[in-house]
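S.K.: predicted model follows, preceded by the sequence.
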Amino acid sequence: MRDVPTVLLVRHGRSLANAGNILAGRSPGVDLDDTGRDQARALALRLVDIALAAVVSSPMQRCLQTAEPLLADRVAASPLGTKPQKMDIVVDERLTECDYGDWTGSKLAALSKDPLWKVVQAHPSGVRFPGGEAMLDMQHRAVSAVRERDAAIGREHGADALWVAVSHGDVIKSVVADALGVHLDEFQRIVVDPASVTVIRYTSLRPFVLRVNDRGSLFDLRAPAKKRRRRARSDSDAVVGGGTA
């Protein structure tokens, strides 16, 4: 049984910059390409039968375009006796892309020849992009955003709440690294593809990483049927032996 909310971290669909092997960063007006729009629609179909408490997004256009199909025909949860309201995207600036500074808008092939590239690969915790953001700062703001909003959604919508956060590859990888207890210097081992879903459940003691870079069915994430619990168990307890699922 689920006892705390669950966040579905969604990377935006493929963008025109992705297709052109360009580091978009915070460049304005970067749209999804045709493949990315198809990915966003397919993601919405994967989530169509899952009740969502909130859809939160980075302010970047490619993320908003990925989030929009998720809201089709959805209504927000509402207190008993009140009329449900149309669900809107909630924008959280802390989920925005890393500020790559002078690297923004450059071809990845050219950036790979920059001496800083090797540092980004091997020691990202020591990187501050020229004219931009430190990767450690990116991780701190993103993890804070996810954890704080997750707690607020739990208070408002209850333990079975599921919510979506649409963000960017490096941002999501940094959140996963934190949840796994892995140093940021190892986060390049994590893969987060366009339109993939990564699922984390935060408990009072530890996070549980349920899925990473997932593109399959999400049916089993639906809220479980209410059952009487046979015994009390901490929300933070891992199942000895791995469980039955």
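M.R.: Happy to help now that I have it.
S.K.: how far out from the middle of the chain is stretch 42-59?
M.R.: Averaged C-alpha coordinates place stretch 42-59 at 11 Å from its chain's average position (Cα atoms, centre = their mean, to the nearest Å).
S.K.: which residues in the protein form helices?
M.R.: Using DSSP state H, the helices of the chain run over residues 16-19, 34-46, 61-67, 108-111, 115-122, 135-157, 169-180.
S.K.: figure out which of these is closest to Pro28.
M.R.: Pro28 lies closest, by Cβ to Cβ, to one member of the helices of the chain: helix 61-67, at 7.4 Å. C-beta coordinates here come from the backbone N, C-alpha and C atoms, glycine included.
S.K.: now do the closest one: which elements does it pack against?
M.R.: In this structure, helix 61-67 packs against helix 34-46, strand 54-57, strand 89-91, strand 162-167, with contacts taken as 3 or more Cβ pairs under 8 Å, 6 or more residues apart in numbering; DSSP states H and E.
S.K.: let's have those in a markdown table, adding distance to Asn21.
M.R.: Compiled in a markdown table, the helices and strands packed on helix 61-67 are given as follows (distance: least, Cβ to Cβ, whole Å):
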| stretch | distance to Asn21 |
| --- | --- |
| helix 34-46 | 14 |
| strand 54-57 | 24 |
| strand 89-91 | 28 |
| strand 162-167 | 21 |
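S.K.: count of neighbours near the closest residue in space to Val146 that isn't next to it in sequence?
M.R.: What sits nearest to Val146 in space, not counting adjacent residues and going by Cβ to Cβ, 6 or more residues apart in numbering, is Val175, at 5.6 Å. In terms of burial, Val175 registers 29 neighbours under the definition other Cβ atoms under 10 Å.
S.K.: hmm, Arg11 and Val175 touching each other?
M.R.: No: Val175 is not in contact with Arg11 according to Cβ atoms under 8 Å; the separation is 11.1 Å.
S.K.: intersection of neighbour lists for those two?
M.R.: Between them, Val175 and Arg11 share these contacting residues under Cβ atoms under 8 Å, 6 or more residues apart in numbering: Ser167.
S.K.: ok, the nearest residue to Arg147 once chain neighbours are set aside - contacts?
M.R.: The shortest distance from Arg147 to any non-neighbouring residue, by Cβ to Cβ, 6+ apart, is to Tyr202 (6.2 Å). Counting by Cβ under 8 Å, 6+ apart, Tyr202 touches 4-5, 7, 147, 150-151, 179.
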